[in-house]
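1. here you go, sequence then predicted model.
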Amino acid sequence: MGRTLTLRTESLRFREPFAISGYVFEAMPALVATIGDGEHLGRGEACGVYYLGDDADHMLAAAESVRAPIEAGIGRAELQGLLPPGGARNALDCALWELEAAQAGCLVWQLAGLGAPKPRVSTMTAGADTPEAMARAAGGFAGARAIKLKLTGEPDLDCARVAAVRRALPGVWLGVDANQGYGRASLEAVLPTFVELGVKLVEQPLPRGEEAGLDGLDSPIPIAADESVLSSGDMQAMLGRCSVINVKLDKCGGLTEALRMVDLARQLGFDLMVGNMGGSSWAMAAGFIVAQACDIVDLDGPLWLARDRKPSVSYPDGAIWSDETVWGGGVRSP
């Protein structure tokens, strides 16, 4: 029997609205790709890149455009040249990884030549809200050892938000994510307060396309590039402007490119963060492979969902853990 490709879109509903700078989400669109050979199935899930218009319809159309070569048997290397970075390539690439691992009788991490995975401390994210509400939300994550706060680029309010969470959780690792909400002047205005409150990371403070605004900034807190770096081709331009690269499979187009970014980041001297665009345990499990090589892990997407896949990733003692029963070992065709 030849290869088969099955595609479907889903709406992954959040348990409550999730606010960031400029957006409020009640659900994330997901593309699920399943590739089978008659005996084994590989699965991939992607939520796309919302700020680039990479929605469910766009992802589905892009994946359908390569149905023929996928079903003809192309591999992950060929896929990289057929689709650009984004959700469609991510879903297909992850499905091919899992299918190939199943065919080889191994797990995805083994196929990638990596060591056995270990639990990794993951940030738990509090969406932008009032300071009091964010402090309650951050304190509600059982066993959390690292918290990430979504900010909106309003200096006084953002400082009050961070202060409220720090009072509630004096010992927790604390990072902030502005999602492009600041300008150079407003960023410089908040940094002293962030330092005083023990913030350990400032993620994507300036808008994508305005990276030059970071030139010459002597930030005492590491700056991470998220929206500014989609894939490996964007990394060189961030030298001297940030010290951390946030790798997301939806942005870069799958596990293949994510692992390439890990290698390049080490060559260029960047620290590494792995993040997510939302998604279920299937998406987090693929990110968990990348997390093994990262300094900062942000894979809490399922904690925001009204309903997750089963079996699911788990978060023992503030860390994320996933094994092949979730994703990574393939499944038998029915």
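-> Cool, the structure landed.

2. could you say what helices and strands the helix or strand hosting residue 61 packs with?
-> According to DSSP states H and E, residue 61 maps onto helix 56-64. In terms of contacts (3 or more C-beta pairs under 8 Å, 6 or more residues apart in numbering; DSSP states H and E), helix 56-64 is packed against strand 4-20, strand 23-36, helix 87-104. In this view, the C-beta of every residue, glycine as well, is placed from N, C-alpha and C.

3. residues near residue 267, how many?
-> Residues lying near residue 267 (other C-beta atoms under 10 Å) number 9.

4. quick one: it and residue 245, what's the gap?
-> 12 Å (C-beta to C-beta, to the nearest Å).

5. try residue 326
-> Counting by C-beta to C-beta, the gap from residue 326 to residue 245 is 26 Å.

6. more neighbours, the two?
-> residue 245 (25 against 22).

7. one step back: any idea how far the helix holding residue 61 is from the chain center?
-> Distance of helix 56-64 from the chain centroid (C-alpha atoms, centre = their mean, to the nearest Å) equals 20 Å.

8. quick one, grab the pLDDT at the closest residue to residue 67 other than its chain neighbours.
-> Closest residue in space to residue 67, ignoring its immediate chain neighbours: residue 5 at 5.5 Å, by C-beta to C-beta, 6 or more residues apart in numbering. Reading off the confidence values, residue 5 has pLDDT 98.

9. residue 5: how many residues sit nearby?
-> If we define neighbours as other C-beta under 10 Å, then residue 5 has 18 of them.

10. distance check, it against residue 69.
-> Distance of residue 5 to residue 69, computed by C-beta to C-beta: 10 Å.

11. so the residue nearest to the spatial centre of the chain, which state does it fall into?
-> For the chain, the residue nearest the mean C-alpha position is residue 276 (1.7 Å; C-alpha atoms, centre = their mean). Following DSSP: H, G, I helix; E, B strand; the rest coil, residue 276 is assigned to coil.

12. any idea how far it lies from residue 151?
-> Residue 276 is 18 Å from residue 151, by C-beta to C-beta.

13. these two touch, right, the residue nearest to the centre of the chain and residue 287?
-> Yes - when contacts are counted by C-beta atoms under 8 Å, residue 276 is listed as touching residue 287 (5.8 Å).
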